[in-house]
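1. Sequence and predicted structure, then a few things I'm wondering about:
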Amino acid sequence: MKKLLIGFLLVTEHADPRRDCACIENEDAVLLFFTVNSYAQGEQYAKVLAALGCVGIELCPGFGNEGVARIQKAVGPRTPVGVVRFDIHPALDHRSGDSFPYSRP
């Protein structure tokens, strides 16, 4: 049986995806986990995950509505993008990720 390949992106201001990454694997799936420091960097890594054949990309709640839209546009319609959803995130001082500097181009 072929394993599911799934991508996950976490956005935080001081992230370095070359350092802050992980591969988690079990009998059924492989999860490629990267932290990124901006929506723009998220777009770049989402394209890589899509090119690697991820069946979907999950985003942390730090990606606000604009961030989710940017990632989906970056990978195109063939790669589903899901999101752990908070309109305002309790760990982000009850704000949307769209209000942070990392969300700007």
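-> Done, it's in. Numbering: from 1, shown residues only.
2. What is the three-state secondary structure of R70?
-> Put simply, R70 is helix when judged by DSSP: H, G, I helix; E, B strand; the rest coil.
3. how about the helices in this structure?
-> Taking DSSP state H to define them, one finds helices in the chain at 39-51, 65-75.
4. want to throw those into TSV with distance to L4?
-> To be clear about C-beta, it is placed using only N, CA and C from the backbone, and glycine gets the same treatment. As requested, those are exported to TSV (distance: least, C-beta to C-beta, whole Å):
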stretch	distance to L4
helix 39-51	13
helix 65-75	17
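5. Adding mean pLDDT and distance to L5 as columns, could you present these in TSV?
-> Output for those, formatted as TSV (pLDDT from 0 to 100; distance: least, C-beta to C-beta, whole Å):
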stretch	mean pLDDT	distance to L5
helix 39-51	98	8
helix 65-75	96	14
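6. Redo those as JSON lines? Include mean neighbour count.
-> JSON lines is the format used below for those (neighbours: other C-beta atoms under 10 Å):
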{"stretch": "helix 39-51", "mean neighbour count": "19"}
{"stretch": "helix 65-75", "mean neighbour count": "18"}
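7. Export stretch 69-85 to CSV, keeping only CA atoms.
-> Output of stretch 69-85 as CSV, limited to C-alpha atoms (Å, rounded to 0.1, in the frame of the first residue of the first chain):
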residue,chain,number,x,y,z
ALA,A,69,-5.8,32.1,-0.4
ARG,A,70,-2.2,32.9,-1.3
ILE,A,71,-1.1,29.3,-0.6
GLN,A,72,-4.0,27.8,-2.6
LYS,A,73,-3.2,30.1,-5.5
ALA,A,74,0.5,29.2,-5.4
VAL,A,75,-0.1,25.5,-5.6
GLY,A,76,-3.1,25.6,-8.0
PRO,A,77,-6.3,23.6,-8.0
ARG,A,78,-4.7,20.2,-8.1
THR,A,79,-3.3,20.3,-4.6
PRO,A,80,-6.0,20.7,-1.8
VAL,A,81,-5.1,23.1,0.9
GLY,A,82,-6.7,22.7,4.4
VAL,A,83,-6.4,24.8,7.4
VAL,A,84,-6.7,24.4,11.1
ARG,A,85,-9.1,27.3,11.6
